[in-house]
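Chemist: A predicted structure for the sequence below; I have some questions about it.
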Amino acid sequence: MPFTAFISDLHLTLARAEINRIFFAFLEGPARAADHLYILGDLFEYWLGDDNLRDPLNAQVASGLKALVTAGVPVSVMHGNRDVLLLKGFAQASGARLIADPTVVDLYGTRTLLLHGDSLCTDDLQYQAFRKRARNFWWQRAFLLQPLSMRRAQTERGRRKSERQKRINAAEIMDVTPAAVEQAFRDSGCIRMIHGHTHRPARHVHIVEGRTCERWVLSDWYQHGQYLRIGPDGCTSVDLT
């Protein structure tokens, strides 16, 4: 039975060797049977720029994706908040196609909206200000002009600050805003939405202008691997070990 696979929030890093192993086993196993693999943001713990492709893990990830594409499975990658600086160099090395956030696709006859998910967290005003800045061309250009060591130090400081802020913020503020979800359904005309970012995997049902819509939230890969399998017969979350 044909299917399309979706993953997000892997946060790949050398510090989490077991998750790296699961990811590469997924690329060499279940993903080979997919019609398409979509990675909806935060593939990496952080991405300092395409000039960091020499890093052994980064190079291995690009090579693994390239092998999947060469085997006949298209790969589409969406930026997350941790890897917004994935650019043409990564796309060329991995064979993946970089896609916009949001993107609408037809999945076996169902119009589906794909997002990373952070754009839906509109109650978190501080984060939304950061999101806007990080996607600004001039901010990115200024950041990438710095030496790699300075970019790494700056990113590490930002991560520590973010973790402190998460402990302060109410959990509801960091989750999606219902009004933003409903507006995204209205604007796109879709009846299905898939996103990550919140690390709260679930299926939600929304009634929008009389239509029954479903929203699938992808799992992070902190404890184990998981992908969403969508085919003509429906949607299933599949655990990986």
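Modeler: Received, thanks.
Chemist: any idea which helix or strand of this protein has the worst average confidence?
Modeler: One helix or strand of the chain scores below all others by mean pLDDT, DSSP states H and E: helix 171-174, with a mean of 59.
Chemist: List the buried residues of the longest helix seen in the chain.
Modeler: The helix spanning the most residues in the chain, taking DSSP state H as the definition, is helix 148-168. Using 16 or more other Cβ atoms under 10 Å as the test for burial, helix 148-168 gives 151, 155. In this view, the C-beta of every residue, glycine as well, is placed from N, C-alpha and C.
Chemist: Could you list every helix and strand that it packs against?
Modeler: Where contact means 3 or more Cβ pairs under 8 Å, 6 or more residues apart in numbering; DSSP states H and E, helix 148-168 is packed against helix 137-144.
Chemist: now the helix it packs on: mean pLDDT?
Modeler: The predicted model assigns helix 137-144 a mean pLDDT of 96.
Chemist: Can you give the distance of that helix from its chain's centre?
Modeler: Helix 137-144 sits 21 Å away from the centroid of its parent chain (Cα atoms, centre = their mean, to the nearest Å).
Chemist: between it and helix 148-168, how many degrees?
Modeler: Orientation note: helix 137-144 sits at an angle of 120 degrees relative to helix 148-168 (axes from the mean of the first three to the mean of the last three Cα atoms, to 10 degrees).
Chemist: List the buried residues in helix 137-144.
Modeler: If you call a residue buried by 16+ other Cβ under 10 Å, then helix 137-144 has these buried ones: 140, 143.
Chemist: mind checking how far the residue nearest to residue 57 when sequence neighbours are not counted is from residue 181?
Modeler: Excluding the flanking residues, the one nearest residue 57 by Cβ to Cβ, 6 or more residues apart in numbering is residue 14, at 5.4 Å. Going from residue 14 to residue 181 by Cβ to Cβ, to the nearest Å gives 35 Å.
Chemist: More neighbours: these two, which one.
Modeler: Using other Cβ atoms under 10 Å, the more surrounded residue of residue 14 and residue 181 is residue 181, with 22 against 10.
Chemist: which residues touch that one?
Modeler: 120, 193, 206, 215 (Cβ atoms under 8 Å, 6 or more residues apart in numbering).
Chemist: Repeat that for residue 130.
Modeler: Neighbours of residue 130 in contact, by Cβ under 8 Å, 6+ apart: residue 81.
Chemist: three-state assignment of it?
Modeler: The three-state label given to residue 130 by DSSP: H, G, I helix; E, B strand; the rest coil is helix.
Chemist: quick one: the nearest residue to residue 224 once chain neighbours are set aside from residue 221, how far?
Modeler: In space, and not counting its chain neighbours, residue 224 is closest to residue 239: 6.1 Å by Cβ to Cβ, 6+ apart. With distances taken as Cβ to Cβ, residue 239 is found 11 Å from residue 221.
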